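A.B. asks: Turn this into a structure:
(one chain, ligands or ions: 2)
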Amino acid sequence: MPADKRNPKLAVWKFASCDGCQLSLLDCEDELLAIAGAVEIANFPEASRAIVKAPYDLSLVEGSITTPHDEQRIHQVRKVSKVLVTIGACATAGGIQALRNFKDVHDFVSIVYASPDYISTLKNSTPIDEHVFVDFELRGCPISKQQLLEVVSAFLNGRKPNIPTYSLCVDCKRKGVACVMVAQGTPCMGPVTQTGCGVLCPSYNRGCYGCFGPMENPDTRALSEWWTKLGVKDEDIIRSLRTFNAHAEEFRKESIKYEASGA
Ligand code: SF4
Ligand code: SF4
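C.D. replies: Ligands and ions are numbered 1, 2, ... in the order given. Presented below is the predicted three-dimensional model:
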């Protein structure tokens, strides 16, 4: 705790997103009381209308940058935040809205909105770290509440968060979950996806679709080749790389390479 004995001030910010990651914080239930006792919730519109003035000790940022206004606002948020942590696939990889990055966004705008002239949007949806310095990124769509608690706890204790960056497959083995790809021939993104969800999908006999984004140094080419052997069509491989984390560098590059190779 700082020398003046006040609790650190926590702020939560929203950009282009569905609010699901912020709800993970509210979903902490029992733990929320402990968090509320250890920090001052200074700016969190989902939880309270009261706003305590900046600066903030810890900012959690949800959502991607999709408008000129967002592009300016994130710099203001960075300026008033000592530590800035991005939460979720939108903030760390542009989110599902980054699918626009592979097309002309104006084609969508003219179809979706009755008066497209009033829409002010950027060509791409981009993660926060393409605009400002980010101290730590928390993955997932939505994030895991246990990982969020670990990040807040690490911040309060002045240590580095203990968040693994290895693949989901490692945790399938640890939990004794039978591999859906080996046992059933079900395509699974687990070999290239960062763990953190508790092996949710394979535990229910279905393949992972990569909502936690790329693990550290993923071999996406090997995965594509494996999926081809399982009979997955080229367009479905591209589609699987372009979901919630379509703009994440490793998934983006592999999907572009795959598309360029004539898939
Ligand atoms: S089920 Fe998926 S995540 Fe689990 S071991 Fe198999 S390939 Fe890896
Ligand atoms: S198994 Fe994959 S898709 Fe399912 S929750 Fe975990 S990371 Fe997300």
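A.B. asks: Met189 - how many residues pack around it?
C.D. replies: Neighbour count of Met189, defined by other CB atoms under 10 Å: 27. (Glycine included, C-beta is placed from N, CA and C.)
A.B. asks: Hmm, Gly210 and it touching each other?
C.D. replies: Yes: at 3.7 Å, Met189 counts as touching Gly210 under the criterion of CB atoms under 8 Å.
A.B. asks: Can you check which residues contact both of the two?
C.D. replies: Ser240 (CB atoms under 8 Å, 6 or more residues apart in numbering).
A.B. asks: what are the phi and psi angles of whatever residue of the stretch 151-263 of the chain ends up closest to ligand 1?
C.D. replies: For the stretch 151-263 of the chain, the residue closest to ligand 1 is Gly190, as judged by CB to the nearest ligand atom, at 2.0 Å. Per-residue torsions, Gly190: phi -50, psi -40 (degrees, to the nearest 10).
A.B. asks: Please report how far it lies from Arg206.
C.D. replies: 11 Å (CB to CB, to the nearest Å).
A.B. asks: more crowded one of these two?
C.D. replies: Neighbour totals were compared for Gly190 and Arg206, and Gly190 leads with 27 against 14 (other CB under 10 Å).
A.B. asks: Would you mind measuring from Phe44 to ligand 2?
C.D. replies: Look at Phe44 and ligand 2: by CB to the nearest ligand atom, to the nearest Å, they are 25 Å apart.
A.B. asks: How about that residue: what's its closest non-neighbour residue?
C.D. replies: Excluding the flanking residues, the one nearest Phe44 by CB to CB, 6 or more residues apart in numbering is Val12, at 4.3 Å.
A.B. asks: quick one: that neighbour and Ile51 touch, right?
C.D. replies: No: using CB under 8 Å, Val12 is not in contact with Ile51, being 11.2 Å away.
A.B. asks: List the residues that contact the residue of the stretch 51-200 of the chain found nearest ligand 2.
C.D. replies: Nearest residue of the stretch 51-200 of the chain to ligand 2: Cys197, at 3.1 Å (CB to the nearest ligand atom). Neighbour list for Cys197: Gly140, Ser144, Leu168, Cys211, Phe212 [criterion: CB under 8 Å, 6+ apart].
A.B. asks: Report how many residues lie close to the nearest residue to the first one once chain neighbours are set aside.
C.D. replies: In other words, Gly140. Residue nearest to Gly140 in three dimensions, not counting chain neighbours: Phe212, with 5.1 Å by CB to CB, 6+ apart. Phe212 has 28 neighbours, counted by other CB under 10 Å.
A.B. asks: go on, Leu200?
C.D. replies: By the criterion of other CB under 10 Å, Leu200 has 14 neighbours.
A.B. asks: State whether Thr228 is indeed within a helix.
C.D. replies: Yes: read with DSSP: H, G, I helix; E, B strand; the rest coil, Thr228 is one of the residues of a helix.
A.B. asks: Renumber starting at 441 from here on
C.D. replies: Done: numbering now begins at 441, and the last item shifts to Thr668.
A.B. asks: coming back round to it: might one say that the residue of the stretch 591-703 of the chain closest to ligand 1 is in contact with Leu608?
C.D. replies: Yes: with contacts defined as CB under 8 Å, Gly630 counts as touching Leu608 at a distance of 3.9 Å.
A.B. asks: Common neighbours of these two, please.
C.D. replies: Pro642, Cys648.
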